[in-house]
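Student: Let me see the structure of the following:
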Amino acid sequence: MAEEIDIMIDCTLRNGNVENDFQPATVSVDQTNGKFSDRILVIGTSVETITFGDLTSVGYVMLHNTDSTNYVTIGPQESDGSMEPMIKINAGEIACLRLDPSATIKAQANTADVKLRVDAYDN
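Tutor: You can find the predicted model right below:
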């Protein structure tokens, strides 16, 4: 089979006289082994690694900060094990990432623990 994963993004900006629509075509991606992980992780205020269960070659990752108040930062692991903050997901927001399978990503909540929904698809 081919094109087992479909990614659709529809983003619209309306702010006074400023308008923009970002609606690229659906991206269809091949997946080799039919594996995925769908989990809720409790991310604390200390840096921690985001894990993907039994997945061996993570590709697309969708992150949903389900907290109603606090944000969470996401970033790659540095050589010393720390995190370089790169992505901020505010309360209730989402992010979609295409990871290099060799990457290790970390997360850290801002003020209090947040529940982060992590949906990941193996390549």
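Student: could you pull out the strands for this structure?
Tutor: 5-7, 11-15, 18-22, 27-29, 36-43, 48-49, 58-65, 72-76, 87-89, 94-98, 105-109, 114-122 (DSSP state E).
Student: In TSV: the ones you listed, plus mean neighbour count.
Tutor: Placement of C-beta: from N, CA and C, glycine included. Listed next are these as TSV, based on neighbours: other Cβ atoms under 10 Å:
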stretch	mean neighbour count
strand 5-7	12
strand 11-15	9
strand 18-22	9
strand 27-29	13
strand 36-43	15
strand 48-49	14
strand 58-65	20
strand 72-76	20
strand 87-89	16
strand 94-98	13
strand 105-109	21
strand 114-122	19
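Student: Could you dump those into a markdown table and include mean pLDDT?
Tutor: Converted to a markdown table, the strands of the chain look like this (pLDDT from 0 to 100):
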| stretch | mean pLDDT |
| --- | --- |
| strand 5-7 | 89 |
| strand 11-15 | 94 |
| strand 18-22 | 95 |
| strand 27-29 | 88 |
| strand 36-43 | 95 |
| strand 48-49 | 95 |
| strand 58-65 | 95 |
| strand 72-76 | 97 |
| strand 87-89 | 98 |
| strand 94-98 | 94 |
| strand 105-109 | 97 |
| strand 114-122 | 95 |
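Student: Can you get me a residue count around D54?
Tutor: Counted with other Cβ atoms under 10 Å, residues neighbouring D54 total 7.
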